[in-house]
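sequence plus predicted model, see below.
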Amino acid sequence: MAEGILYCVATPIGNLEDITARALRILAEVNKVYAEDTRVTRRMFAHFGIQNTLESLHDHNETSRVAQIQRELAEGMNVALVSDAGTPLISDPGYKLVNALGAAGCKIVPVPGASALIAALSVAGLPTDRFAFEGFLPAKSVSRRKLLTGLEAESRTLVFYESSHRIADLLEDMLAVFGGERQIVVLRELTKLYESIYRGTATEILQHMAADSDRSRGEFVVVVAGKVCDESADALAVLNADKVLAVLLEVLPVKQAAAVAARLTGLPKNQLYRQALEQQDATD
């Protein structure tokens, strides 16, 4: 008996017309569908006239479902995984399942479709050749600012998800950490009736949202321009690091010299370790 297949099926993030013909066929044909919230998926099934067995797979029961689904695949069953909206595993459950089944050699097939992350990038108007997706940040401001501080020097476009309850707090924290000049695009209720896009600095967007409380309602994707690197400043920093390393290497091993130089210059330790090795090779 041939083993079954797990299909990771993307579903609409709002507008039901965004589902693909392939997704509809597979959701109707598989032996069972595992859903983040069966109530949400049942409403979608009713809209499209799909009749199939639904079972839950969410953050609280995912681990316990792994053995069950692996057994079903071994018995030749085909099953599908869906989240409440969008592509499974993207800030949604499913990682533990897919990781375990992949390690066990099970066949896993993606059925691509809607994704708030990709939809937002396609219309944000910020560089998309390189980007970093950070999903939902911590709920508490202290933890959120700490994480944002670690991203302050990131040159790639940054993408975040946020809820209506914390969108203003997130923008306030971005203003504090990134400063008032960074370009930000806030996308609200993508593909839904009240879809909106706000562009500007954190200050401008906060003022725009404060003018009408409805502008803070719904689900949000926040896209932030990466930090523009000053090449001349970077070159100077590398030059200064060479001088610092030259002194440190006279009294310290390479690894320790790189660690101390990183604290003195603010440059990445791995980069300084490579520089130190190059300096050491040049003097040998």
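Everything's here; your move.

start to end distance for stretch 18-35?
Distance across stretch 18-35, first residue to last, is 18 Å (Cα to Cα, to the nearest Å).

who's in contact with that stretch?
For stretch 18-35, the surrounding residues in contact (Cβ atoms under 8 Å, 6 or more residues apart in numbering) are 4, 7, 9-12, 41, 45, 48, 50-57, 65, 69, 72, 77-84, 111-114, 191. C-beta coordinates here come from the backbone N, C-alpha and C atoms, glycine included.

distance between it and the chain's centre?
25 Å (Cα atoms, centre = their mean, to the nearest Å).

buried stuff in that stretch?
In terms of neighbour count (16 or more other Cβ atoms under 10 Å), stretch 18-35 has its buried residues at Asp18, Ile19, Thr20, Ala23, Ile26, Leu27, Val30, Val33, Tyr34, Ala35.

tell me the SS of Pro138?
coil (DSSP: H, G, I helix; E, B strand; the rest coil).

correct me if wrong: it contacts Arg144.
Yes - using Cβ atoms under 8 Å, Pro138 is in contact with Arg144, at 4.9 Å.

okay, the two: which has more neighbours?
Taking Pro138 and Arg144 together and counting by other Cβ atoms under 10 Å, Arg144 has the greater number of neighbours (21 against 13).

for the more buried one, what is the enclosing helix or strand?
helix 141-151 (DSSP states H and E).

ok, and for that helix, which residues are buried?
Residues of helix 141-151 classed as buried by neighbour count (16+ other Cβ under 10 Å): Ser141, Arg144, Arg145, Leu148, Leu151.

which residue packs closest to the last one, ignoring adjacent ones?
So the one you mean is Leu151. Leu158 (6.1 Å; Cβ to Cβ, 6 or more residues apart in numbering).

what pLDDT does the model give that neighbour?
Per-residue pLDDT puts Leu158 at 98.

doesn't it lie inside a strand?
Yes - looking at Leu158 with three-state DSSP, it is inside a strand.

if we can go back for a sec, how about the buried residues of helix 141-151 in JSON lines, adding distance to Glu172 and pLDDT?
Compiled in JSON lines, the buried residues of helix 141-151 are given as follows (distance: Cβ to Cβ, whole Å; pLDDT from 0 to 100):
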{"residue": "Ser141", "distance to Glu172": "8", "pLDDT": "95"}
{"residue": "Arg144", "distance to Glu172": "10", "pLDDT": "97"}
{"residue": "Arg145", "distance to Glu172": "10", "pLDDT": "96"}
{"residue": "Leu148", "distance to Glu172": "11", "pLDDT": "96"}
{"residue": "Leu151", "distance to Glu172": "16", "pLDDT": "96"}
